[in-house]
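# the sequence and its predicted three-dimensional model are supplied below.
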Amino acid sequence: MRVAVLGATGMVGRTFVRLLAGHPWFRVEKLVASERSAGRKYGELVDDSPEEFRDVEVTSLPEFLRDPDVDIVFNALPASISREVEGELAQSLPVFTNARSHRYDPDVPILVPEVNLEHLELIEVQRERRGWEGFIVTNPNCSTAILTVSLAALRGFGIREVKVATMQAISGAGYSGLSALAIQDNVIPSIPGEEWKIENESRKILGELDGVEVKPAEFRISAMATRVPVLHGHTEAVFVKLEEGSLEEVREAFESFDPLGELGLPSYERPLVYSDVPQPRLHRDRGRGLTVTVGRLEGSSGSFKYVVTGHNLVRGAAGGSVLNAELAYKLGYLK
Ligand SMILES: N[C@@H](CC=O)C(=O)O
């Protein structure tokens, strides 16, 4: 299928392009960016462009919108312009987006294939309600994606409460998000909007599809987000209360979590690996960036703590979105 990547020169857009290079089902035909970049070769704008895209001429967003002529859109544009752009494109095309603009619409799924694949049924609700031929599927905020993969492994024990403190990498703030002087030798315990997203997106993702919308999961959740001087890879200290489960059972649940192994999705990797001391520099690239690493599990009688780390740009953004598209393709939502 022919694909366009919107916002192709930003941190997440570059990751989309890298992950889609040589993809067996999706062929990137259009790299879309600002008017400033339009007409220039992708390799001039992005130093580490995959070889096959170095000479591709970048298209401006207005030009793309006049005649999209692709089968699928991956969106890495900023949220400030995404709502309108996505709404326009979804009238005729499937849109897989990293932007938060539509995440909280009741008929739009926040999809993590290993956690809530059944929420894809909302595509039919969107089409019915909005008269679209296409649809919008979002991936979660990066820290939420990493957290929910670990929580999904624990769902069978009955999750009652989650407390999480994040240590988020610099790349989560975008290419020019933070100055070196602000983050070097420092920890910044404030990421605007992040805690609300973690708390609300997690409950939607782990919630139940009730016909035309998702009933959020009922567990209590409280998040504290911090930025740390790590390039890529968000790490999270999680404290969870479960209805039941021993330490051995919880560890076994982490170790055996592999819900979509049979589907044959090209990007699929085991979503979770247990390792004693998870660390972003050592573990973020595990499973080509799609595997999260869980460890430091301690606790008893339904009260546990653990650490999870994962690649914010891959599992937490572009990689999650590509996996969403692969799942939709496999389940017949892309024609
Ligand atoms: N908001 C996150 C980026 C992931 O979506 C961050 O600031 O790290």
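That came in fine, so what should we check first? Numbering: from 1, shown residues only.

# and the residue of the stretch 101-250 of the chain closest to the ligand?
Nearest residue of the stretch 101-250 of the chain to the ligand (CB to the nearest ligand atom) works out as residue 172 at 2.0 Å. Heads up, the C-betas are built off the backbone N, CA and C, glycines and all.

# quick one: contacts for residue 94?
When contacts are counted by CB atoms under 8 Å, 6 or more residues apart in numbering, residue 94 touches 71, 72, 73, 134, 135, 137, 325, 328, 333, 334.

# now do residue 7
Contact partners of residue 7, counting by CB under 8 Å, 6+ apart, are 13, 32, 33, 75, 76, 77, 78.

# report the separation between the second one and the ligand.
Yep, that's residue 32 we're talking about. Going from residue 32 to the ligand by CB to the nearest ligand atom, to the nearest Å gives 20 Å.

# packing partners of whichever helix or strand that residue is part of?
Assessed by DSSP states H and E, residue 32 sits inside strand 27-33. Judged by 3 or more CB pairs under 8 Å, 6 or more residues apart in numbering; DSSP states H and E, the packing partners of strand 27-33 are strand 2-6, helix 11-20, strand 59-60, helix 61-66.

# residue 296: which of the ones you listed is closest?
Nearest to residue 296, of all these, is helix 11-20, at 27.6 Å by CB to CB.

# got the CA coordinates for that closest one in PDB?
C-alpha atoms of helix 11-20 as PDB (Å, rounded to 0.1, in the frame of the first residue of the first chain):
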ATOM      1  CA  MET A  11      11.900  13.400  15.600                       C
ATOM      2  CA  VAL A  12       8.800  11.100  15.300                       C
ATOM      3  CA  GLY A  13       8.500  11.600  11.500                       C
ATOM      4  CA  ARG A  14      12.100  10.500  11.000                       C
ATOM      5  CA  THR A  15      11.400   7.500  13.000                       C
ATOM      6  CA  PHE A  16       8.400   6.600  10.900                       C
ATOM      7  CA  VAL A  17      10.500   7.000   7.800                       C
ATOM      8  CA  ARG A  18      13.300   4.800   9.200                       C
ATOM      9  CA  LEU A  19      10.800   2.100  10.300                       C
ATOM     10  CA  LEU A  20       9.000   2.100   7.000                       C
END
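
# state the distance from the residue of the chain most remote from its centre to residue 245.
Within the chain, the residue lying farthest from the chain centre (CA atoms, centre = their mean) is residue 301, at 32.0 Å. Look at residue 301 and residue 245: by CB to CB, to the nearest Å, they are 9 Å apart.

# and for residue 38?
Separation of residue 38 from residue 245 (CB to CB): 54 Å.

# could you show which parts of the stretch 101-250 of the chain are in contact with the ligand?
Residues of the stretch 101-250 of the chain lying near the ligand by CB under 6 Å from any ligand atom: 141, 142, 168, 172, 173, 191, 194.

# could you tell me which of these belong to helices?
Here DSSP state H is the test, and those give 142, 194 as lying in helices.

# want to throw the residues of the stretch 101-250 of the chain next to the ligand into a markdown table with neighbour count, distance to residue 59 and pLDDT?
Listed next are those as a markdown table, based on neighbours: other CB atoms under 10 Å; distance: CB to CB, whole Å; pLDDT from 0 to 100:
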| residue | neighbour count | distance to residue 59 | pLDDT |
| --- | --- | --- | --- |
| 141 | 27 | 28 | 98 |
| 142 | 28 | 27 | 98 |
| 168 | 25 | 32 | 98 |
| 172 | 26 | 27 | 97 |
| 173 | 17 | 27 | 96 |
| 191 | 20 | 32 | 98 |
| 194 | 21 | 32 | 98 |
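
# and the two most separated of the residues of the stretch 101-250 of the chain next to the ligand?
For those, the maximum inter-member distance is 12.6 Å, found between 141 and 173 (CB to CB).

# mutual contacts of those two, please.
Common neighbours of residue 141 and residue 173 (CB under 8 Å, 6+ apart) do not exist.

# I figured residue 151 hits residue 202, correct?
Yes - under the criterion of CB atoms under 8 Å, residue 151 makes contact with residue 202 at 6.9 Å.

# more crowded one of those two?
Counted by other CB atoms under 10 Å, residue 151 and residue 202 do not tie: residue 202 has more neighbours, with 28 against 22.

# ok, now which ones touch residue 138?
Residue 138 makes contact with 96, 97, 98, 99, 100, 102, 103, 108, 109, 110, 111 under the criterion CB under 8 Å, 6+ apart.

# can you pick the most crowded of those?
Looking at the contacts of residue 138 with neighbours defined as other CB under 10 Å, the largest count falls to residue 110 at 31 neighbours.

# that residue touches residue 205, doesn't it?
Yes - with contact defined as CB under 8 Å, residue 110 counts as touching residue 205 (5.3 Å).

# between the two, what contacts are shared?
Contacts common to residue 110 and residue 205, judged by CB under 8 Å, 6+ apart, are 116, 119, 140, 144.

# number of residues surrounding the last one?
Read that as residue 144. There are 30 residues near residue 144, going by other CB under 10 Å.

# strands along the chain, start to end?
2-6, 27-33, 59-60, 72-75, 94-97, 135-138, 159-168, 208-210, 213-215, 220-227, 234-242, 272-274, 292-300, 303-310 (DSSP state E).

# which one of those lies nearest to residue 182?
Judged by CB to CB, the one of the strands of the chain that comes nearest to residue 182 is strand 220-227, at 8.8 Å.
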